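Student: got a predicted structure plus its sequence, pasted below:
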Amino acid sequence: MVNPMEEYDTIIIGAGPAGLTAAIYSSREGQKTLLLDKAVPGGQIYLSSIVENYPGVKSTSGAALISTMVGQATSFGTKIKQFEEVKEANLKEKIIKTDRGEYKSKSIIIATGNRWRKLNVPGEEELLGKGVSYCATCDGPFFKNQEVAVIGGGDSAIEEGLHLTKFANKVYIIHRRNELRASKRLQDLAFSNPKIEFIWNSEVSSINGNANVESITLKNNNSNEETSLALSGAFIFIGMLPNSEIFKGQLETDPRGYILTGEWMQTKIPGVYAAGDVRHSPLKQVTTATSDGTVSAVSASRGQF
């Protein structure tokens, strides 16, 4: 027997800060709201051991912050279905098919986030949150007076490397080529910063440590020689990938795949919105994600666009 299609006012795909905030606002507006996530609620912030930049909360963990958001959303009536992955999305018809069911709604909010492009080397996964980071803005203050490495050579890597010099004693920037891809302005700032040292033509072959990062192993691309570099943190900035593949061909995106929206988070399809890290935006932080979630939910509940 085939289960009947469930119908909602708003379906939100992705239960990170953007999706959870959208759920809170949507449910408070009296909308019958479904929140879908392929894993557990939380997104990237869930892995942060300490969060100190969320207004009104002096210090907490990512997991605790998300738990509060989940409690708020469900208290207003949001139905959360976790470990339910979206397999097909017909955005014009507002029909969502998952590995467990089929749903229809009046509006859809896409809050699927993005993911780090990883090095895929030993130690990277094991030491995530224990010295391995993909966000200097989030984690830089935890490395005061320590030595850290930034892996990458683009704008993000250099910007984050410069940011880390506010806290660390030494910042190694490791790049697989002999020149940077970053803008000249950023390069000039980095080359003139006494705390930054460049290691060229090198790639990380492993990240080492027991409870925390203790060193990285580098391989020189010219000589194939391997060396060890002692440090406390490894910040990886080799790019991000938006989780927008399932919507390909239905929405307008930038060249990298980030969804383009208007100021009300609306996409080119009426009733479909995008919020958080999956959306084209100049900054990706938990506060910007919650802001996007707020705007998208209010837009959807009022039937704008």
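Tutor: Cool, the structure landed. Numbering: from 1, shown residues only.
Student: any idea how this protein splits into domains?
Tutor: Domain assignment for the chain by automatic domain parsing gives 6-115+240-302, 132-236.
Student: could you export these as TSV, including mean pLDDT?
Tutor: Shown next, in TSV, are those (pLDDT from 0 to 100):
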stretch	mean pLDDT
domain 6-115+240-302	95
domain 132-236	95
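Student: out of these, which gets nearest to Glu126?
Tutor: Nearest to Glu126, of all the domains of the chain, is domain 132-236, at 8.2 Å by CB to CB. For every residue, glycine as well, the C-beta is placed using N, CA and C.
Student: partners of the helix or strand where Ser105 lies in the sheet?
Tutor: Following DSSP states H and E, one finds Ser105 within strand 102-110. Applying DSSP bridges to the sheet, strand 102-110 is found paired with strand 6-13 (parallel), strand 95-98 (antiparallel), strand 272-274 (parallel).
Student: for the helix or strand following that strand, which outside residues touch it?
Tutor: Per DSSP H and E, the first helix or strand lying C-terminal to strand 102-110 is strand 114-116. For strand 114-116, contacts defined as CB atoms under 8 Å, 6 or more residues apart in numbering pick out 44, 134, 236, 240-243, 258, 277-278, 284.
Student: those in strands, which ones?
Tutor: Here DSSP state E is the test, and the contacts of strand 114-116 give 236, 240-242 as lying in strands.
Student: who wins for neighbours among the residues you listed?
Tutor: Most neighbours among the ones in strands among the contacts of strand 114-116, by other CB atoms under 10 Å: Ile236, with 25 neighbours.
Student: now do the same contact list for the residue nearest to that residue when sequence neighbours are not counted.
Tutor: Among residues not flanking Ile236 along the chain, Ile151 sits closest, at 5.0 Å (CB to CB, 6 or more residues apart in numbering). Taking CB under 8 Å, 6+ apart, we find Ile151 in contact with 119, 157, 174-175, 204, 234-238.
Student: now the longest helix anywhere in the chain against strand 102-110, angle please.
Tutor: Ranked by residue count and defined by DSSP state H, the top helix of the chain is helix 286-302. On the basis of axes from the mean of the first three to the mean of the last three CA atoms, to 10 degrees, helix 286-302 is oriented at 130 degrees to strand 102-110.
Student: tell me the bridge partners for the nearest residue to Ile259 once chain neighbours are set aside.
Tutor: Setting aside the residues directly before and after it, Ile259 is nearest to Ala274 in space (CB to CB, 6+ apart), at 4.1 Å. Under the criterion DSSP bridges, Ala274 forms beta bridges with Ile110.
Student: surely Ala274 and Ser296 touch.
Tutor: Yes. With contact defined as CB atoms under 8 Å, Ala274 counts as touching Ser296 (7.2 Å).
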